[in-house]
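> Everything below, folded, please.
(chains A and B)
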2 protein chains.
Amino acid sequence: MEKKVAKLGVIGLGPRGRDLVWTMTSIEEIEITAVSDTNPNTFKEVYKMFDKANLRRPETYTDYNELLSRQDIEGVIIATHWITHIPLAIASMKAGKYAGVEVGGAASIEECWQLVRTYEETGIPCMLLENCCYGKYELMVLNMIKKGLFGEVVHCECGYGHDLREHLAGQYPPNNRLYNNIHRNGDLYPTHGVGPIAKMLNINRGNRFVSLTSMASKAAGLKDWIKKNKEPDYELAKYDFVAGDVVQTLIKCAHGETVLVTHNITLPRPYSRFNVVQGTNAIYMEDKKGIYIDGKSKEEVWEPIDNYYEEYGHPLWKKFEQGGVKGGHGGMDHLLLKAFADSVINKAKTPIDVYDTAAWMAITVLSEQSVNTGSTPVAFPDFTNGKWINRGDKITSSYSLDEVVY
Amino acid sequence: MEKKVAKLGVIGLGPRGRDLVWTMTSIEEIEITAVSDTNPNTFKEVYKMFDKANLRRPETYTDYNELLSRQDIEGVIIATHWITHIPLAIASMKAGKYAGVEVGGAASIEECWQLVRTYEETGIPCMLLENCCYGKYELMVLNMIKKGLFGEVVHCECGYGHDLREHLAGQYPPNNRLYNNIHRNGDLYPTHGVGPIAKMLNINRGNRFVSLTSMASKAAGLKDWIKKNKEPDYELAKYDFVAGDVVQTLIKCAHGETVLVTHNITLPRPYSRFNVVQGTNAIYMEDKKGIYIDGKSKEEVWEPIDNYYEEYGHPLWKKFEQGGVKGGHGGMDHLLLKAFADSVINKAKTPIDVYDTAAWMAITVLSEQSVNTGSTPVAFPDFTNGKWINRGDKITSSYSLDEVVY
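Purely as a prediction, here's the structure:
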């Protein structure tokens, strides 16, 4: 029997788009039939990848509408500028193509609602390409929770701690991400951290985010970096950056759980996603690579979480490992794109759906609202319009993040 | 020349009071001439300590007013129930005796103001017996900040993470601390963590806390512990606990710095004070025992902070270590009590003063206000009435926490 393949298009061929294309050339369930970018110079780079992978070169377009009008495309990967992700996802769904949206916060709550409405009208899924849900330890902790090891989960922490000063302030003109730091104050990149935690807390399936409050520190990091590393006449030295170096957001869930989300990218520090998961029976901390289990771990001592990998490693990751971990971000991108392709091939719902996408991307908007009104608490919209209380459509594929499928 | 001695009284001889008495019997600069407790059974325990230390037994009183009326007492250590600390500190100052107040949050903002007014009327100092300011690493990081190693400090984290479930819920009737967990929702114990951070951020001396917002998780930990460890008819099984298991408070400072304070005592976990200090040039994290210094540490790698102890260890701690670290809490109590005694002996201001005491203890009240109004932001009172902007009375003794005295 012929192996089934998802025929995908890619819109946006900047560095992130090209990374994803390169990862996809190694996934045999994916065939990229067309790509699109407003800058045709990017096509050469993409051709090289296809030649190297010994694959047929895709069609190229500078107008994404032409790509969306192709009959042979079933799904679209969107990796353009942050503020165009949602409009393009809507266009994809309207064209009958699964929308795979790269990360980035939303710009308004209204566009999140538009995304949800479009899904409900078209029935075409939309999936945030949230990398970290398929991280090795994120999957493992999800598995441990489902097996009851944590007891009742009470509090979680997550976020994005990555020294991006050189990347952001090191070149002029400003890149897409830096534009956000120049103009917006709030958690500009919550989805990386919040995705896995939302799944652990059953958000939109029996639980939901109900409110948040957010606080931003001063913005000293980029100014300082430019001062230390560039000449005084460097163009960016004249810029102000409104995004605080450290933005922290406290989210309250319907069942009383709390989530601390941190955005921390303009000060020196080693990388972290700040993951902490604490329940009535155990606590996990990414920065310690440690776990403490009540009555099992030695009192007051963190155990290496790897001690439990054999027993609690997630079956999806274990299987993936047997084939050799591939692709960007320690393999997460690879698994994520396979999950998207699997849904496309089976005409099934995506493991991260439009309600997840809207709720996670909305954090940026709500965080800005809170920061800019002195950390007032902000109510979280219920993008499911009440369906979260009793949804019956759990994903049952091996890529499911709602349950662990063996 | 005769060695100078501070003549102190102690009010409150519960477990914490007796701990402090025991520590003080080994400090030759302190002479305890009288102790007081409403329960005279505690006196026997105290006598034993003095006999063991070969010291003259103190006078004992069940009415603290009798202790305060003694002419030979210069300072008083207050270790009673939490809600009596401030009234007793006020009584001590009015009696002309330095007030040394054990930790615990305030119950109202008004009583913090009363404390401040009493100091301003009497001129008698009041010092929070905040243990952790004199911790080895807290002092070391303070020293590193003063030497410029962190650059501009932007964000700090701190708190109290200690599995106290058995201590709290393990015995009936409820102890003093458990009563708070039964009745109050907020950060019940902020001072341990906030003290050192406040000193690092120059709070009340050129900087101040301007606002905070606080969020509490559900309260699941104590119920769960009782269910797992006690019979169903255990008296405390009928109790509700209103204090959330994890309470997090975001504080904004006048100069744009942010502080995250965590209270986390009713779920299983190894001990932590959650210290993080992040500036434009370096970051320290207690849980990693690590530091990362821009351009010095290997990229993306935490270095053991102990690598820098020789160069940056605080002179007070180094001197203390030469004599052999003594006393409770890894030596912090010992140093703290010496600092208090040193001020008494020299009729000098205390390194932690009444404005510090009021600001740190007020966090409990403000946190409760915020939690109980859905995480609304709450303005922080300026207990200095504007003096923080340009105070000129820095402490210059070797116990100073405003500067590092060599």
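
> so who does the residue lying closest to residue A:273 once chain neighbours are set aside touch?
Leaving aside its sequence neighbours, residue A:273 sits nearest to residue A:193 (CB to CB, 6 or more residues apart in numbering or on different chains; 5.2 Å). The way it works is simple: take the backbone N, C-alpha and C, and place the C-beta from them, glycine included. Taking CB atoms under 8 Å, 6 or more residues apart in numbering or on different chains as the criterion, residue A:193 is in contact with A:132, A:158, A:159, A:160, A:261, A:262, A:273, A:274, A:275.

> State the pLDDT value of residue A:193.
On the pLDDT scale, residue A:193 is placed at 95.

> circling back to that earlier point, quick one: the contacts of residue A:193 as TSV, columns for pLDDT and neighbour count too.
TSV is the format used below for these (pLDDT from 0 to 100; neighbours: other CB atoms under 10 Å in any protein chain shown):
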residue	pLDDT	neighbour count
A:132	94	24
A:158	98	27
A:159	98	27
A:160	97	24
A:261	98	27
A:262	98	22
A:273	97	21
A:274	98	20
A:275	98	22
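
> Kindly tell me how buried residue A:271 is, as a neighbour count.
Here the number of neighbours of residue A:271 (other CB atoms under 10 Å in any protein chain shown) works out to 10.

> what's it sitting at in phi/psi?
phi -60, psi 140 (degrees, to the nearest 10).

> pretty sure it contacts residue B:302?
No - using CB atoms under 8 Å, residue A:271 makes no contact with residue B:302, being 10.7 Å away.

> Can you name the residue of the stretch 51-200 of chain A nearest to chain B?
Per CB to the nearest CB, residue A:155 is where the stretch 51-200 of chain A lies closest to chain B, at 4.0 Å.

> and the residue nearest to that residue when sequence neighbours are not counted, what is it in contact with?
Closest residue to residue A:155 apart from its sequence neighbours, by CB to CB, 6+ apart: residue B:246 at 4.0 Å. By CB under 8 Å, 6+ apart, the residues touching residue B:246 are A:154, A:155, A:258, A:278, B:216, B:217, B:262, B:263, B:264, B:267.

> Tell me the confidence at residue B:246?
98.

> just the strands in the stretch 101-250 of chain A please.
A:126-128, A:153-161, A:209-216, A:246-253 (DSSP state E, counting those that start in this stretch).

> And the first one, how far out from the chain middle?
Spelled out, it's strand A:126-128. Distance of strand A:126-128 from the chain centroid (CA atoms, centre = their mean, to the nearest Å) equals 10 Å.

> Note down every partner strand of that strand and its orientation.
strand A:98-101 (parallel) (DSSP bridges).

> Give me the contact list for the partner strand.
Contacts for strand A:98-101 (CB under 8 Å, 6+ apart): A:8, A:74-78, A:85-86, A:88-90, A:92-93, A:124-129, A:337, A:340, A:343-344, A:350, A:357.

> And that strand, how far out from the chain middle?
13 Å.

> re the thing from before, in PyMOL, select just the buried ones from the contacts of residue B:246.
In PyMOL, this line selects whichever of those come out buried by 16 or more other CB atoms under 10 Å in any protein chain shown:
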select buried, (chain A and resi 154+155+258+278) or (chain B and resi 216+217+262+263+264+267)
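
> farthest-separated two in the contacts of residue B:246?
A:278 and B:216 (13.8 Å; CB to CB).

> can you give me the strands in the stretch 251-400 of chain A?
Going by DSSP E, counting those that start in this stretch, the stretch 251-400 of chain A shows strands at A:258-264, A:276-279, A:282-285, A:290-293, A:303-304, A:378-379.

> And the contacts of residue B:246, which is closest to residue B:242?
For these, the nearest to residue B:242 is residue B:216 (8.8 Å; CB to CB).

> need the contact list for the residue nearest to the closest one when sequence neighbours are not counted.
Leaving aside its sequence neighbours, residue B:216 sits nearest to residue B:244 (CB to CB, 6+ apart; 3.0 Å). Residue B:244 sits next to A:256, A:258, B:185, B:216, B:217, B:218, B:219, B:371 when contact means CB under 8 Å, 6+ apart.

> closest to residue A:19 among these?
Among these, and counting by CB to CB, the member closest to residue A:19 is residue A:258, at 33.9 Å.

> Now do the contacts for the closest one.
Counted by CB under 8 Å, 6+ apart, residue A:258 has contacts A:154, A:155, A:156, A:250, A:251, A:252, B:215, B:216, B:217, B:244, B:246, B:248.

> for residue A:73, same thing?
A:7, A:8, A:9, A:33, A:34, A:67, A:97.

> how far away is the first one from residue A:56?
Taking CB to CB, to the nearest Å as the measure, residue A:7 and residue A:56 are separated by 12 Å.

> Same question for the fourth one.
With the distance defined as CB to CB, residue A:33 ends up 9 Å from residue A:56.

> burial count for residue A:300?
11.

> Identify the spatial nearest neighbour of it, chain neighbours not counted.
In this structure, residue A:300 finds its nearest non-sequential neighbour in residue B:270, 4.8 Å apart by CB to CB, 6+ apart.

> still on that earlier bit, so of the contacts of residue A:73, which ones are in helices?
Using DSSP state H, the members of the contacts of residue A:73 that fall in helices are residue A:67.

> Buried ones among the contacts of residue A:73?
Looking at the contacts of residue A:73 with 16+ other CB under 10 Å, the buried ones turn out to be A:7, A:8, A:9, A:33, A:34, A:67, A:97.

> Low-confidence bits of the stretch 201-350 of chain A, can you list those?
Within the stretch 201-350 of chain A, the ranges that satisfy pLDDT under 70 run A:326-330.

> Recalculate using a threshold of 80.
A:323-330 (pLDDT under 80).

> Helices of that one, residue ranges please.
Here the stretch 201-350 of chain A has its helices, by DSSP state H, counting those that start in this stretch, at A:221-229, A:309-312, A:315-322, A:332-345.

> Nearest to residue B:39, out of those?
Closest to residue B:39 of the helices of the stretch 201-350 of chain A is helix A:309-312 (CB to CB; 50.1 Å).

> which residues are in contact with that closest one?
Residues from elsewhere that reach helix A:309-312, judged by CB under 8 Å, 6+ apart: A:140, A:143, A:144, A:147, A:149.
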